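Enquirer: What would the 3D arrangement of this be:
(chains A, B, C and D)
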2 protein chains.
Amino acid sequence: MVLRDGHDDGNLGHVPMPAGRSPAAARGRRAARPSGDDRELAILATAERLLAARPLSAVSVDDLARGAGISRPTFYFYFASKDAVLLTLLDRVVAEADAATRAAFDSPAGDAREGWRRAITAYYETFRAHRGLTLAWAEARSTNAEVRELWARVFDGWVDRCAAAIESERARGAARAGVPARDLAVALNSMNERVLYATFSGDGPAVAESDVVTVLLDVWLGAIYGSSAPSGS
Amino acid sequence: MVLRDGHDDGNLGHVPMPAGRSPAAARGRRAARPSGDDRELAILATAERLLAARPLSAVSVDDLARGAGISRPTFYFYFASKDAVLLTLLDRVVAEADAATRAAFDSPAGDAREGWRRAITAYYETFRAHRGLTLAWAEARSTNAEVRELWARVFDGWVDRCAAAIESERARGAARAGVPARDLAVALNSMNERVLYATFSGDGPAVAESDVVTVLLDVWLGAIYGSSAPSGS
DNA sequence: GACGGTATCGACGTCCTGTCGAACGAGTCA
DNA sequence: TGACTCGTTCGACAGGACGTCGATACCGTC
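Expert: Take a look at the predicted model:
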């Protein structure tokens, strides 16, 4: 019999940091406790540090444990697995990206073009700031169902917001009608995901880091408005 | 010391199947031989069969060997690793997709819109016909450098062809000027890759299989021409 | 100064990987 | 026919990573 990662999701709706308890409490094996928190933090810090230098597959539980100054079995006292650590880290970055794109969407936004540019930039900046994690997430996604689910939820949120924005642009007559807004949103967000990944990972053909936002924006505007210059404010 | 997968690329320019020798000869450990060829084929068939049902990570070398009716050590007589099998399989599918998209590009193509639609459809059809492999490839890419390189080479070829086509559309005044054609090609091909993957894998938000070509085409046309209706033939 | 929960680790069993060396069988050549 | 080669096969091994169990040390408290 194979043991499942064993943790009941509980509140994965990740409220934006309830100030006190980190989302790790739900993810880890242990209930909240004061003394061991530094260990937990040490593990997380070690993970982020190591992942900035090597791929996830080259980081073992032992590396994480040693990096945090504890033994391998002790690691399991804090996290159920290597992936659980990653999930905790991702929760944070996702909350960051979520906040940033939400801000971009809700902010004043002079004209429409500027609004979209801000949203794409927010997304770009956040993941660029956590390159290692971004790469590790992509790696884990193919083998870990929880990572897949977390990403699906997050992605879905962005798609919803984009689809709503596209529909509102269509309603005011600025954006051209065409394929369903939601399908368009899925396609464009997928593009961003893959293009940014290629740019950050550096292997294979990619758009230069300095141009990537411009290029993505150009495709977004072309797909939504039919040209790079949406009309009206 | 860790042994590398140990095979000198030789001719990875994959000529479209020299009729006689399969590309596996270059990939595997052994020189061409008549008697063991069925074993080799059996391994490849087993791999494709198993990958249609479970992810790559759930298929062990032992599964492959048993499936082909041989023992695990014997497997290593034919292939250097599980990934080498996958690489051989990918060589084939890639050649297929390459031929299909090349045909789409070179074919008569009544109007421009139809040309692009054909190219996207070719890509879509090929990978849909090998769902399991497509998913496995994505999984292997994150851990295996050879898979990454193979994909980079293939992807680059498509980008080249697309960029050239975009430039020629710009030259004749049909496509709008904008970001460099190559950057645009990278972005659009990346989108296709990610969107199709999501559609085939079925987890997370995705475009329905029946709509995906239409949606992708719409974004391509919007990005290249500025609307879904390119002018002229 | 016994107790209960926190925290820690040594040792174990399992799974998978890749390799080594011994064997087996079918041709070939003396 | 018997020795010799060469393609092919596999049992057995060693290594690495994972996750678990049970014993212990630490610590605040009653």
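
Enquirer: switch to C-alpha atoms for all contacts and neighbour counts from now on
Expert: Fine.

Enquirer: Who's the closest spatial neighbour of the residue most central in space within chain A, skipping the chain neighbours?
Expert: Geometric centre of chain A, nearest residue: A:Val94, 4.3 Å, by C-alpha atoms, centre = their mean. The shortest distance from A:Val94 to any non-neighbouring residue, by C-alpha to C-alpha, 6 or more residues apart in numbering or on different chains, is to A:Val154 (7.3 Å).

Enquirer: For chain A, which segments count as helices?
Expert: Remark: helices assigned in chain A by DSSP state H are A:24-27, A:37-53, A:61-67, A:72-78, A:82-106, A:112-128, A:131-141, A:145-171, A:181-201, A:212-225.

Enquirer: Relative to chain B, how far out is the closest residue to DNA strand D within chain A?
Expert: Residue nearest to DNA strand D within chain A: A:Ser60 (3.4 Å; C-alpha to the nearest atom of the strand). From A:Ser60 across to chain B, the span is 14 Å (C-alpha to the nearest C-alpha, to the nearest Å).

Enquirer: same question, A:Gly202
Expert: With the distance defined as C-alpha to the nearest C-alpha, A:Gly202 ends up 11 Å from chain B.

Enquirer: Backbone dihedrals for that residue, both of them.
Expert: Backbone torsions for A:Gly202, taken as degrees, to the nearest 10, come to phi 80, psi 0.

Enquirer: Then A:Arg54?
Expert: For A:Arg54, the backbone dihedrals (degrees, to the nearest 10) come out as phi -140, psi 160.

Enquirer: Number of residues surrounding the residue nearest to it when sequence neighbours are not counted?
Expert: In space, and not counting its chain neighbours, A:Arg54 is closest to A:Gly132: 7.9 Å by C-alpha to C-alpha, 6+ apart. Applying other C-alpha atoms under 10 Å in any protein chain shown, we find 22 residues neighbouring A:Gly132.

Enquirer: wait, what's in contact with A:Gly132?
Expert: Shown in contact with A:Gly132 (C-alpha atoms under 8 Å, 6 or more residues apart in numbering or on different chains): A:Glu48, A:Leu51, A:Ala52, A:Ala53, A:Arg54, A:Pro55.

Enquirer: repeat for A:Ile120
Expert: A:Thr101, A:Val213, A:Leu216, A:Leu217.

Enquirer: ok, the second one - contacts?
Expert: Which is A:Val213. Contacts for A:Val213 (C-alpha under 8 Å, 6+ apart) come out as A:Arg117, A:Ile120, A:Thr121, A:Tyr124.

Enquirer: looking at chain A, which helix or strand does the model trust least?
Expert: Lowest on mean pLDDT, DSSP states H and E among the helices and strands of chain A sits helix A:24-27, with a mean of 50.

Enquirer: I'd like to know how far A:Asp160 sits from A:Ser81.
Expert: To A:Ser81, A:Asp160 is 32 Å away according to C-alpha to C-alpha, to the nearest Å.

Enquirer: contacting residues around A:Gly226?
Expert: By C-alpha under 8 Å, 6+ apart, A:Gly226 lies in contact with A:Ala175, A:Arg176, B:Gly222, B:Ala223, B:Tyr225, B:Gly226, B:Ser227, B:Ser228.

Enquirer: can you do 10 Å?
Expert: A:174-178, A:219-220, B:218-219, B:221-229 (C-alpha atoms under 10 Å, 6 or more residues apart in numbering or on different chains).

Enquirer: excluding its backbone neighbours, what's nearest A:Asn189?
Expert: Distance criterion C-alpha to C-alpha, 6+ apart; nearest residue to A:Asn189, sequence neighbours excluded, is A:Val159 at 6.9 Å.

Enquirer: same deal with A:Leu184?
Expert: Using C-alpha to C-alpha, 6+ apart and skipping the chain neighbours, the partner closest in space to A:Leu184 is B:Val215 (6.7 Å).

Enquirer: contacting residues for the residue nearest to A:Asn189?
Expert: A:Val159 makes contact with A:153, A:165, A:181-190, B:205, according to C-alpha under 10 Å, 6+ apart.

Enquirer: out of those residues, who has the most neighbours?
Expert: Highest neighbour count within the contacts of A:Val159, by other C-alpha under 10 Å: A:Ala187, with 29 neighbours.

Enquirer: Contacts only, for that one.
Expert: A:Ala187 sits next to A:159, A:181, A:193, A:220, A:223, B:188, B:191-192, B:194-196, B:198, B:205-207, B:212, B:215-216, B:219 when contact means C-alpha under 10 Å, 6+ apart.

Enquirer: Check A:Leu184 too.
Expert: Contacts for A:Leu184 (C-alpha under 10 Å, 6+ apart) come out as A:159, A:162-163, A:166, A:178, A:190, A:220, A:223-224, B:207, B:215-216, B:218-219.

Enquirer: This completes my enquiry, with thanks.
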